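# Could you work out the structure for the sequence below:
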Amino acid sequence: MSLNQNNAQNSQIATLHQINQMFGSLENMYLSVEQLGYYLPDLKCSCITAYFLIRVVNGEIFSVKRSKIAPGGAKTIKNKTKIELYEILYSLAQQQEKKDLGFDLNRLPNKQYILDLIHVLKPNHSLFKLEDDSELSNHQIKFPIDAFKQIQTRYLPTTGQNLFRRTKEQIEDDKKKEMAQRVSKKETRLRMLLEESQKVEERLKLLKNVQQDNQMIEN
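Here you go, the predicted model:
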């Protein structure tokens, strides 16, 4: 049984006042949840709220133990923004039918946290492939040079042409692919924003129902 499942089964009904009295501050609550073995975003992140921490310990959102985070496994990716990494993580979570991440585009965790979760879901993701491991590192490729030294390689006069210069067609094709990727990213962001707005509406309805129940109890 996972830590999340065990805590979820042992959860009791508590009032917000009781929780406030127990911890006294968000920082105390954060450190206490960490002591239970959970891997959390940085405390200063806007996604860190009491509600987020409660959902972590109740197993309502996708979270992992710190022991599952491989030391140095997810190295910082400089050429990807936090939003781009979030889109990758969101897509992987959807593919693997994981729970709600607990944060959205408006309240993102730190970049390293997102990277670590991506690494947990897909350790062999292309993000983590080191350039030094590639056959093309330092612009070098495998080529049987000695074999060609034995034959005549210049049948025509040398033109000084760069053999590896991309053609106009290739450049144009790359531009089209880049444009298609941008459109796809925008569509993904719009879809995520729509889903997030629906979640906000559901939470507002739940809060309204709680307020109505409290009013009925007071009356």
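# now for the longest helix seen in the chain, which elements pack on it?
If you go by DSSP state H, the chain has its longest helix at helix 168-218. Using 3 or more Cβ pairs under 8 Å, 6 or more residues apart in numbering; DSSP states H and E as the contact test, the elements touching helix 168-218 are helix 82-95. To be clear about C-beta, it is placed using only N, CA and C from the backbone, and glycine gets the same treatment.
# Go through the helix it packs on and flag the buried ones.
85-90, 92-93 (16 or more other Cβ atoms under 10 Å).
# Then stretch 102-116?
Per 16+ other Cβ under 10 Å, stretch 102-116 contains these buried residues: 102-104, 108-116.
# For the residue nearest the centre of the chain, list the residues it contacts.
With distances taken as Cα atoms, centre = their mean, the chain has residue 89 as the residue nearest its mean C-alpha position (3.3 Å). Residue 89 makes contacts with 101, 114, 117-118, 121, as judged by Cβ atoms under 8 Å, 6 or more residues apart in numbering.
# With secondary structure, distance to residue 43 and pLDDT as extra columns, can I get those residues in a markdown table?
Converted to a markdown table, the contacts of residue 89 look like this (DSSP: H, G, I helix; E, B strand; the rest coil; distance: Cβ to Cβ, whole Å; pLDDT from 0 to 100):
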| residue | secondary structure | distance to residue 43 | pLDDT |
| --- | --- | --- | --- |
| 101 | coil | 18 | 92 |
| 114 | helix | 16 | 93 |
| 117 | helix | 17 | 94 |
| 118 | helix | 21 | 93 |
| 121 | helix | 24 | 93 |
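# nearest to residue 26, of those residues?
Looking at the contacts of residue 89 and their distance to residue 26, the nearest is residue 101, at 19.8 Å (Cβ to Cβ).
# Just give the number of residues close to the residue lying closest to the closest one once chain neighbours are set aside.
Across the structure, with Cβ to Cβ, 6 or more residues apart in numbering as the measure, the residue nearest residue 101 apart from its sequence neighbours is residue 62 (5.6 Å). The tally of other residues near residue 62 (other Cβ atoms under 10 Å) stands at 18.
# Show the subsequent helix or strand relative to the helix or strand bottoming out on mean pLDDT in the chain.
Least confident helix or strand of the chain, by mean pLDDT, DSSP states H and E, is helix 3-10 with a mean of 53. Sequence order places helix 16-23 as the next helix or strand after helix 3-10, per DSSP states H and E.
# ok, residues contacting that next one?
Here helix 16-23 makes contact (Cβ under 8 Å, 6+ apart) with 29, 32, 50, 54.
# so what does the very next helix or strand once past that helix touch, helix or strand wise?
In the C-terminal direction, the helix or strand that comes right after helix 16-23 (DSSP H and E) is helix 26-35. If you count contacts as 3+ Cβ pairs under 8 Å, 6+ apart, helix 26-35 packs onto helix 16-23, helix 50-57.
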